[in-house]
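Trainee: Kindly return the folded structure for what I paste below:
(3 chains)
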Amino acid sequence: MTPFDPDNTPARTSSATPIILDGYGDGYGPGRPDGEPGQRQSPLLDGLNPQQLEAVEYRGPSLLIIAGAGSGKTSVLTRRIASLLETREAYPSQILAITFTNKAAAEMRERVKVLLGEGSEGMWISTFHSSCVRILRREAESAGLSSSFSIYDSADTKVTLKRIIKSLDADTYGFTPGNAAAKISKLKNELADVDSYARNANLSDPQEVMFIEIFRQYTQRLRAANALDFDDLIGETVYLFRAFPRVAATYRRRFRHILVDEYQDTNHAQYSLVRELTLPVTAELADELEATGVHVRNLREPTGGIPGASLTVVGDSDQSIYAFRGADTRNISEFERDFPGTKVILLEQNYRSTQNILSAANAVIGHNFDRKDKKLWSAGGDGEKIVGYTAYNGHDEAQFVADEIETLHGAGMAYRDMAVFYRTNAQTRALEEIFVRAAVPYRVVGGTKFYERAEIKDALAYLIAVANPDDELALRRILNTPKRGIGPATETGLGSFAEANQISFREAMRDSASLGLGQKVTGAILQLAGVLDEAALKIDPAYPGGPVNVSELLTFVLEGSGLLTVLRNSRDPQDEARAENIEELVAQTKDFNRENPDAGLVDFLTQVSLVAAADDLDDASGTVSLMTLHTAKGLEYEAVFLTGVEEGLLPHQMSANEPGGPAEERRLFYVGITRARQRLYLSLAMTRAQFGEINVAMPSRYLQEIPAALIDWKQSPGMANSRNGTQSRALNRRDGFGGGFNSTRSGFSELPPAPKPKTEWANAVTQVRDNGDLELAAGDRIRHSSFGDGRVNQVTGEGTKRVAHVQFDTAGAKKLLIKIAPIEKI
DNA sequence: TCTGGCTCTATTTTT
DNA sequence: TAGAGCCAGA
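Mentor: Alright, predicted model coming up:
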């Protein structure tokens, strides 16, 4: 989270730095007089197994660590860094470590610090995106940007594309902001730009021609706004290095050890970046660097050049879950070919989970063909069985999860050691409803992020407009926020005026008096332009008394615009929460100032743009964490609840048509399973409400892949479908876990105790209850296997989705899907 | 210019 | 279901 730590510029760090500083020449240095691997009593090497030890100590141009889930790779990576520093083979400034999230980066930095104490400052440990922003801001001029360029997130991209599509009437060709953004992103991840794409495009296809025009305008708009999108951050850095060998040489010289975590999730652009950074520096360029005062002498080979940096990558193809974002596991499978002389180390021993959990994981992932066989094993014993539960619906499932969480908590497990995973964010609704009711303390990680809230984006747009006056998107966003009477007509007028006079939108605002608008509107525009101009003065280094910090600036624009005041005085009750959010933002800027006294507005905006879902995880929070399976990668919990293990959800139906989709979904399931240390719960629901409709769900195919003996079904799919098995958890809630457990137990004895997987599943599918075209009308009396008797109030929906609204005599009002509910007419 | 009400439609994962 | 777009009326 700190892209701003005191940073050694290449020129400053270069004052020394031979690869080996101590003259021992054995690469071990004074810390290791005997030179015998494994003999030294260094806390660095404590408790490592032979493979881990080798991964820490190996020295060579390239190292590939294939690290299964839970095999201690973070530990290996941090110790490898610490070892390089401790033996004085490298200075901190020569290390570049790339992690997947800012949180992982912060953790790694912290762990290196613990291992070494002070003396680890100056390393670059950050995400791909953060590192690239840092390089691009520094080298902005070469890249043809201003160093205060804006970073567009996916929402910004979509807004921009929406305008382009509208102006081109491209929706008639089937383009939406979403699909155009996806296509552009995909191309950028392959390092294609408009021109290279257009060269190979089929220009007789009007849709293709239209796409090229969209892509071209999008590129132009970003350029004009001095903005880059997420994908540009990587791509532009690669282009920069390729176009400016001098710039590239600076970073190639600087970073001597490059380490990349989660390498299986890198895309082509990221791969290319790593390649660029690890290339050697030619003798001529080394001469050039030296001529400008950069010290290179100690790094030079006899030929006069500087060898490429050593590269360590850690990854596991089985955990590749970002193919949809361009991740390419070939980066791992072809690593040895790309980097000849690579040493490969395999870490298979798992230190996280029980053997039962690992056996389930191995069995599941074994169904993916086209993978190198790898078996995780644990020395920690079998542990508890995996618990399975088939719920009647999503709320019932949530109730099961809540009950089990309370049981675990009652047995002494802390809430923060438990997590609930799901495939789609929409699934949080039922979970949250039940958790609130059951008073389970929880936190949704990711989801609608703080910085994505409209009012926060509004406030930030003010700051962005100050930092980057060319950012038309930010200006348009705040033009009428809060309401100033500047409508779409005026906005369009300003845009046309700017275009006609070859000036920026911001300049058009300053010049709005010559647009011939009404006096009130003109006054409003000028007022806004004035506030922004004044704010810009305040962060100018030449500002009398020194420039103001971020929180002072934010306070200034909030007051100048009236944004906060309007929300506070609003009658809309939601505006109160919005005002509080903005106040929270102000508090955050104060924290930021305190933690980063030397950082400015642009640094703050960068940090905000690049937060990842997992970054706002608070380990000390004392709450259960709810998150998507994607967010869960890299994390671990004592107890994991994997919910919604149903066909259509996991695997998600959207993945069905994608090449490699079901296999990637299986890896996602595998990632989820392997997050659990002690306890794993797999749950599904027979029906799930989606878009206001109730849909029948089938158990996920992946469940059959787990050996039956590993799962203890509290309620199996077959049981849930049988008449006496259907229990509403919500109904049994008052009896607590015991009641629910016993009642399912009694049903249990009537079924085969250890169902054979295949037949069990065949049954589960054929046994789905089917009432066919059972006719029900308002006034009919029905009997439900667990709710008892009741009266039908009305019937809604059609065909298989007909729903009976029933008032039960004792169980209250329920909505039942007629096709499958365990009911009969009486 | 703004608001309210109506209809329509699209529903995955994310730096 | 909910969010967005559209239209009519103030």
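Trainee: Any part of stretch A:484-496 near DNA strand C?
Mentor: No - shown here: stretch A:484-496 not in contact with DNA strand C (C-beta under 7 Å from any atom of the strand), separated by at least 10.5 Å. Bear in mind the C-beta positions are built from the backbone N, C-alpha and C, glycine included.
Trainee: List every C-alpha atom in that stretch, with coordinates, as CSV.
Mentor: Listed next in CSV are the C-alpha coordinates belonging to stretch A:484-496 (Å, rounded to 0.1, in the frame of the first residue of the first chain):
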residue,chain,number,x,y,z
ARG,A,484,-25.9,24.0,-10.2
GLY,A,485,-28.5,24.1,-13.0
ILE,A,486,-25.9,23.1,-15.6
GLY,A,487,-27.8,20.6,-17.8
PRO,A,488,-26.9,18.3,-20.6
ALA,A,489,-27.5,21.0,-23.2
THR,A,490,-25.0,23.3,-21.5
GLU,A,491,-22.5,20.4,-21.1
THR,A,492,-22.7,19.6,-24.8
GLY,A,493,-22.4,23.3,-25.6
LEU,A,494,-19.2,23.5,-23.6
GLY,A,495,-17.8,20.4,-25.4
SER,A,496,-18.6,21.7,-28.8
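Trainee: Quick check, the residue in chain A closest to DNA strand B?
Mentor: Of all residues in chain A, the one sitting closest to DNA strand B is A:Gly487 (2.7 Å; C-beta to the nearest atom of the strand).
Trainee: wait, doesn't that residue sit right on A:Leu494?
Mentor: No - counting by C-beta atoms under 8 Å, A:Leu494 is not a contact partner of A:Gly487; they are 11.2 Å apart.
Trainee: who has more neighbours, the two?
Mentor: Neighbours per residue (other C-beta atoms under 10 Å) separate A:Gly487 from A:Leu494, with A:Leu494 holding more: 24 against 13.
Trainee: Provide a list of residue ranges in the stretch 701-826 of chain A with pLDDT below threshold.
Mentor: Within the stretch 701-826 of chain A, the stretches with pLDDT under 70 are A:719-773, A:785-787, A:796-803, A:811-817, A:819-822.
Trainee: and if we set it to 90?
Mentor: Scanning the stretch 701-826 of chain A for pLDDT under 90 picks out the ranges A:701, A:703-704, A:708-709, A:711-826.
Trainee: Nearest residue to the residue of the stretch 1-150 of chain A found nearest DNA strand C in space, please, no chain neighbours.
Mentor: Of all residues in the stretch 1-150 of chain A, A:Ser150 sits closest to DNA strand C, at 21.0 Å by C-beta to the nearest atom of the strand. Among residues not flanking A:Ser150 along the chain, A:Ala227 sits closest, at 4.1 Å (C-beta to C-beta, 6 or more residues apart in numbering).
Trainee: what's the burial count for the residue of chain A found nearest DNA strand C?
Mentor: Closest residue of chain A to DNA strand C, C-beta to the nearest atom of the strand: A:Gly692 (3.0 Å). Counted with other C-beta under 10 Å, residues neighbouring A:Gly692 total 5.
Trainee: so how far is A:Met698 from it?
Mentor: According to C-beta to C-beta, to the nearest Å, A:Gly692 stands 21 Å off from A:Met698.
Trainee: Stretch A:405-415: which residues count as buried?
Mentor: Using 16 or more other C-beta atoms under 10 Å as the test for burial, stretch A:405-415 gives A:405-406, A:408-409, A:413, A:415.
Trainee: could you measure the residue of the stretch 1-150 of chain A closest to DNA strand C against A:Asp338, distance?
Mentor: Separation of A:Ser150 from A:Asp338 (C-beta to C-beta) stands at 34 Å.
Trainee: The two - which one has more neighbours?
Mentor: Legend: neighbour count by other C-beta under 10 Å for A:Ser150 and A:Asp338, higher for A:Ser150 (28 against 14).
Trainee: right, and A:Pro717 touches A:Pro699 too?
Mentor: Yes - counting by C-beta under 8 Å, A:Pro717 does reach A:Pro699; the two are 4.7 Å apart.
Trainee: These two: which is more packed in?
Mentor: Shown here are A:Pro717 and A:Pro699; by other C-beta under 10 Å, A:Pro717 has more neighbours (27 against 24).
Trainee: what's the spacing between the more buried one and A:Pro302?
Mentor: A:Pro717 sits 69 Å away from A:Pro302, taking C-beta to C-beta as the criterion.
Trainee: re earlier: the residue of the stretch 1-150 of chain A closest to DNA strand C: what's it in contact with?
Mentor: For A:Ser150, the contact set (C-beta atoms under 8 Å, 6 or more residues apart in numbering) comprises A:225-228, A:464, A:467-468, A:471, A:473-474, A:605.
Trainee: repeat that with 6 Å
Mentor: A:Ser150 sits next to A:227, A:464, A:468, A:471 when contact means C-beta atoms under 6 Å, 6 or more residues apart in numbering.
Trainee: and chain A, which residues reach DNA strand C?
Mentor: Residues of chain A lying close to DNA strand C by C-beta under 7 Å from any atom of the strand are A:162, A:689, A:691-692.
Trainee: which one of those sits closest to A:Ala529?
Mentor: A:Lys162 (25.4 Å; C-beta to C-beta).
Trainee: Could you find the closest non-adjacent residue to that closest one?
Mentor: A:Pro177 (4.4 Å).
Trainee: so the one you found touches A:Lys158, yeah?
Mentor: Yes - the criterion here is C-beta atoms under 6 Å, and A:Pro177 meets it with A:Lys158 at 4.1 Å.
Trainee: Would you mind telling me which of these two has the busier surroundings?
Mentor: The neighbour count for A:Pro177 versus A:Lys158, taken as other C-beta under 10 Å, is higher for A:Pro177 (21 against 17).
Trainee: Show me the shaky parts of the stretch 1-150 of chain A.
Mentor: Looking at the stretch 1-150 of chain A by pLDDT under 90, you get A:1-51, A:53, A:60, A:68-75, A:82, A:85-93, A:100-123, A:141-146.
Trainee: mean confidence score for stretch A:466-474?
Mentor: Stretch A:466-474 carries an average pLDDT of 91.
Trainee: Let me see the residues that make contact with it.
Mentor: Residues outside stretch A:466-474 that contact it (C-beta under 6 Å, 6+ apart): A:148, A:150, A:156, A:225-226, A:461, A:464-465, A:504-506, A:532, A:535-536, A:601-602.
Trainee: now that we have the residues you listed, which one has the most neighbours?
Mentor: Within these, most neighbours by other C-beta under 10 Å means A:Ala465, with 30 neighbours.
Trainee: Using the three-state scheme, assign that residue.
Mentor: helix (DSSP: H, G, I helix; E, B strand; the rest coil).
Trainee: All the strands of the stretch 251-400 of chain A, in order from the start?
Mentor: In the stretch 251-400 of chain A, the segments counted as strands under DSSP state E, counting those that start in this stretch are A:257-260, A:310-315, A:343-347, A:386-391.
Trainee: before we move on, what SS does A:Gly546 have?
Mentor: Applying three-state DSSP: A:Gly546 is coil.
Trainee: returning to that earlier point: can you tell me which of the contacts of A:Ser150 are buried?
Mentor: Among the contacts of A:Ser150, those scoring as buried are A:227, A:464, A:468, A:471 (criterion: 16+ other C-beta under 10 Å).
Trainee: which non-adjacent residue is nearest A:Ala67?
Mentor: Residue nearest to A:Ala67 in three dimensions, not counting chain neighbours: A:Lys73, with 3.6 Å by C-beta to C-beta, 6+ apart.
Trainee: Wait, the one you found touches A:Ile66, no?
Mentor: No - the pair A:Lys73 / A:Ile66 is not scored as a contact, 9.5 Å apart, by C-beta under 6 Å.
Trainee: Only the buried residues of the helix or strand hosting A:Val792, if you could.
Mentor: Secondary structure assigned from DSSP states H and E places A:Val792 in strand A:788-796. Buried residues in strand A:788-796, counted by 16+ other C-beta under 10 Å: A:790, A:792, A:795.
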